[in-house]
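*Asks:* sequence and predicted model, in that order:
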Amino acid sequence: MPHVVLENINSVTEVLDSIVAFTTKIEGGFLKVTDTYINSGQNKALVESLAIENNKNQSFFVELSQKKTSLTVRLLPLTDPAKTPGVKMIMAMLAKQIKDSNPQVCYGKTNLQDFLLE
C-alpha cells in the first residue's frame, strides 16, 4: 500500500489548514483534490480525491492518520483505487503541501520516493 510518513507533526488539525484544493493537468488526464473531513477524535482526516488518467476516473480518499509525533498519508482501504501514477502523485502532492507548512516537518518512511517532491 503506498504511503508517506511525515515526522514532527503533533496533530491532524494543524495540517488541515495547509491542504489546498487543487486541479492539475497531467499527460492523459487530470488530478483533483477537493474537500477534507476530520473525525470527532481529531486524529484522522480524509481528503477527497479524483484521478482521471487515460479516460479512467477513480474517486478515492487519502487518509491522514496521526501517531504520536508523525502523520501517515495513505489510501483509505475502503476506496482502494488502482495504484496508478496519478493516484501516487496526489498522495505525494498532499505530503508536499503538509511538509511545506512547517519547516520542522520532514519525510519519514515511504514507498513513494519516486513521486515525492522536495
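*Replies:* Looks like it arrived, so ask away.
*Asks:* where in this structure is the helix or strand with the lowest mean pLDDT?
*Replies:* helix 12-16 (a mean of 90; mean pLDDT, DSSP states H and E).
*Asks:* what's across from residue 50 in the sheet?
*Replies:* On the basis of DSSP bridges, residue 50 is bridged to residue 32, residue 59.
*Asks:* how about residues contacting the least confident helix or strand of the chain?
*Replies:* By C-beta atoms under 8 Å, 6 or more residues apart in numbering, the list of residues contacting helix 12-16 from outside reads 9, 36, 38, 42-45, 64-66, 71, 98, 101-102. C-beta here means a position set from N, CA and C on the backbone, and glycine is covered the same way.
*Asks:* same thing but 6 Å
*Replies:* Contact with helix 12-16 is made by 36, 42, 45, 64, 66, 98, as judged by C-beta atoms under 6 Å, 6 or more residues apart in numbering.
*Asks:* any of those residues buried? List them.
*Replies:* 36, 45, 64, 66, 98 (16 or more other C-beta atoms under 10 Å).
*Asks:* then stretch 96-103 to CSV, C-alphas only?
*Replies:* Extracted in CSV, the C-alpha atoms of stretch 96-103 (Å, rounded to 0.1, in the frame of the first residue of the first chain):
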residue,chain,number,x,y,z
LYS,A,96,4.5,18.2,0.0
GLN,A,97,1.8,20.7,1.0
ILE,A,98,1.9,19.4,4.6
LYS,A,99,5.7,19.4,4.6
ASP,A,100,5.9,22.9,3.3
SER,A,101,3.6,24.2,6.0
ASN,A,102,6.2,23.8,8.8
PRO,A,103,10.0,23.8,8.4
